[in-house]
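Colleague: Turn this into a model:
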Amino acid sequence: MVTAARKGFLIPASHRDFPEEKDWPAEWLGSVKIDTGNLKGRPMGLALAWFPYVLLPALLVLSRTNDTVKGWLNSLSFNFNHILGEAGVSAGIQPLYLPGGLLLLVALIAALLQSRSLTPLGKAIGESGKTLVGAGFVLLFTVPMVRIFINSGVNAADIASMPVMTANFAAELMGGLFPAVSGVIGALGAFIAGSNTVSNLMLAQFQFETAQALGLSTAMMVALQAVGAAAGNMVAIHNVVAASATVGLLGREDTTLRKTALPTLYYLVVLGLLGMGAIYLLGASEPLMVTAG
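Modeller: Numbering: from 1, shown residues only. Model prediction:
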């Protein structure tokens, strides 16, 4: 890409840039503004400037591949059992093992190496705290809602969880057309839970059992679930709030959702057509099972 840019490949002939900030449309600006006009610092070498960006992925890889390091990072853990008196509902957090915890550790190391002082870090925390308060206030309500949604299957009456009940309704409604909405169900899970992974954990078993009941390819149905969940990430409330806060557009989540809803819809429609075609036109079947003999 650098070579292509230097050669002028696909570079516009005329210079284009953003207008002055005073001429920006309202949707470009969020409710929180960080003042960067008074930033001052001393020059630093390229190696020192790049060091945090090398250290972070190195720590992430090491923490996932080295059992000794992984055990040390997991040694600090906060566990919450029997939440709201329910024996089957628990949660835990390992702050040093989480990517966010490592990110904060690298930020601390970078501040000490690059400025030899914690003063700039304190100012940065103060500025970013304004954004975190706004985003955190929203997530304070959405995260518990998601946890209740996910753990709703833990009950004395042995009633199915809310995600499975919702998906069951869709399956009964669609019947043989279920592959067309399989991805939509995955997207719904990601939209609510804010995660492709959590959507798959909640709904993959349901997709598998529905495919079995309909006599369709279970592998294809679970694949549609996974791809649909990836599409749902575009409109997941968690992601929209976090991304808006990151780029300074806190308070403009509605604009982001309106802009991402259309590609999400396109994604799911095409996915439904591909799923129907794969199952009913191409006759997608189960993958070959190889057993040791």
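Colleague: Give the next helix or strand downstream of the helix or strand containing residue 183.
Modeller: When elements are assigned from DSSP states H and E, residue 183 belongs to helix 178-193. Proceeding N to C from helix 178-193, the next assigned helix or strand is helix 196-214, under DSSP H and E.
Colleague: roughly how far out does that following helix sit from the chain middle?
Modeller: Mean-position distance between helix 196-214 and its chain equals 19 Å (C-alpha atoms, centre = their mean, to the nearest Å).
Colleague: any idea of the mean pLDDT in the helix or strand following it?
Modeller: Counting by DSSP H and E, the element after helix 196-214 in chain order, helix or strand, is helix 218-232. Helix 218-232 shows a mean pLDDT of 93 in the predicted model.
Colleague: Could you pull up the contacting residues of the most centrally placed residue in the chain?
Modeller: By C-alpha atoms, centre = their mean, the mean C-alpha position of the chain lies nearest to residue 195, the distance being 4.8 Å. With contact set as C-beta atoms under 8 Å, 6 or more residues apart in numbering, residue 195 has these partners: 233, 236, 238. Yep, even glycine has a C-beta here, placed from its N, CA and C like the rest.
Colleague: which one of those residues sits closest to residue 130?
Modeller: residue 238 (19.9 Å; C-beta to C-beta).
Colleague: what does stretch 137-148 rub up against?
Modeller: Counting by C-beta under 8 Å, 6+ apart, 91, 192-194, 198, 237-238, 241-242 sit against stretch 137-148.
Colleague: Please list only the buried members of those residues.
Modeller: Among the contacts of stretch 137-148, the ones that count as buried by 16 or more other C-beta atoms under 10 Å are 192-194, 198, 237-238, 241.
Colleague: tell me the two of those that are most distant?
Modeller: Of all pairs in the buried ones among the contacts of stretch 137-148, the most separated under C-beta to C-beta is 198 and 241 at 16.1 Å.
Colleague: Check the spacing between residue 155 and residue 164 real quick.
Modeller: The gap separating residue 155 from residue 164 is 12 Å, by C-beta to C-beta, to the nearest Å.
Colleague: And residue 11, by the same measure?
Modeller: Noted for residue 11: a distance of 52 Å to residue 164, by C-beta to C-beta.
Colleague: and the two? which has more neighbours close in?
Modeller: Of the pair residue 11 and residue 164, residue 164 is the one with more neighbours under other C-beta atoms under 10 Å, namely 17 against 10.
Colleague: which SSE is that one in?
Modeller: Judged by DSSP H and E, residue 164 forms part of helix 162-174.
Colleague: Show me what that helix is packed against.
Modeller: If you count contacts as 3 or more C-beta pairs under 8 Å, 6 or more residues apart in numbering; DSSP states H and E, helix 162-174 packs onto helix 119-150, helix 178-193, helix 196-214.
Colleague: Now tell me what touches that helix from outside.
Modeller: Residues contacting helix 162-174 (C-beta under 8 Å, 6+ apart): 149-150, 152-153, 160, 178, 180-181, 184-185, 188-189, 192, 202-203, 206-207, 210, 213-214.
Colleague: Let me know the average pLDDT across that helix.
Modeller: Here the average pLDDT along helix 162-174 is 74.
Colleague: Residue 209 versus the closest residue in space to residue 279 that isn't next to it in sequence, what's the distance?
Modeller: Distances taken as C-beta to C-beta, 6 or more residues apart in numbering place residue 179 nearest to residue 279, at 5.2 Å, with adjacent residues excluded. Separation of residue 179 from residue 209 (C-beta to C-beta): 15 Å.
Colleague: With that, I have no additional questions.
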